[in-house]
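the following block contains a protein sequence and its predicted model.
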Amino acid sequence: QVQLVESGGGLVQPGGSLRLSCAASGFTFSTYAMNWYRQAPGKERELVATITSSTGWTNYADSVKGRFTISRDNAKNTVYLQMNSLNSEDTAVYYCNAYRSAYGNFWGQGTQVTVSS
């Protein structure tokens, strides 16, 4: 049974930091690209950050470049999203996604991040 379980969300003040974690099970984690998406109220879900399976190449949405860092620990089957210099526009539900073409496209249940003073 495939599971992606996000944690680490919460309420943070503007300028603060959070680290999200996504623990994976039920599939061969190291062979999947891992992504973080987010969805703010009334908006479409958007891709925030990607890390590939093999080389660990990363890519970010322009809105988070220089502030967010995605990383993975294949030994722990976990992907992380370090978020710094948070602002109100980062408020959203953040979703972990595992993708491998022709093999699977899996989603977590999401974790709420609220940036507010």
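Everything's here; your move.

can I assume Ser116 is in contact with Ser88?
Yes. Taking contacts as Cβ atoms under 8 Å, Ser116 lies within contact range of Ser88: 6.8 Å. For the C-beta atoms, the positions are set from N, CA and C on the backbone; glycine is no exception.

quickly list what's touching both of these two.
Common neighbours of Ser116 and Ser88 (criterion: Cβ atoms under 8 Å, 6 or more residues apart in numbering): Pro14.

return the helix or strand in this protein with minimum mean pLDDT.
Using mean pLDDT, DSSP states H and E, the weakest-scoring helix or strand in the chain turns out to be strand 104-107, at a mean of 95.

partners of the helix or strand just after that strand, with directions?
For strand 104-107, the succeeding helix or strand toward the C-terminus, using DSSP states H and E, is strand 111-115. Strands that pair with strand 111-115, judged by DSSP bridges, come out as strand 10-12 (parallel), strand 92-100 (antiparallel).

roughly how far is the last one from the heart of the chain?
Shown here is strand 92-100, whose average C-alpha point lies 5 Å from the average C-alpha point of the whole chain (Cα atoms, centre = their mean, to the nearest Å).

buried set for that strand?
Neighbour counts over strand 92-100 (16 or more other Cβ atoms under 10 Å) mark Ala92, Val93, Tyr94, Tyr95, Cys96, Asn97, Ala98 as buried.

with just CA atoms, put it into PDB.
Output of strand 92-100 as PDB, limited to C-alpha atoms (Å, rounded to 0.1, in the frame of the first residue of the first chain):
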ATOM      1  CA  ALA A  92      -1.500  27.100   1.200                       C
ATOM      2  CA  VAL A  93      -1.900  23.300   1.700                       C
ATOM      3  CA  TYR A  94       1.300  21.700   0.700                       C
ATOM      4  CA  TYR A  95       1.200  18.300  -1.000                       C
ATOM      5  CA  CYS A  96       3.900  15.700  -1.500                       C
ATOM      6  CA  ASN A  97       3.900  13.900  -4.900                       C
ATOM      7  CA  ALA A  98       5.900  10.900  -6.200                       C
ATOM      8  CA  TYR A  99       6.100  10.400  -9.900                       C
ATOM      9  CA  ARG A 100       7.600   7.900 -12.200                       C
END
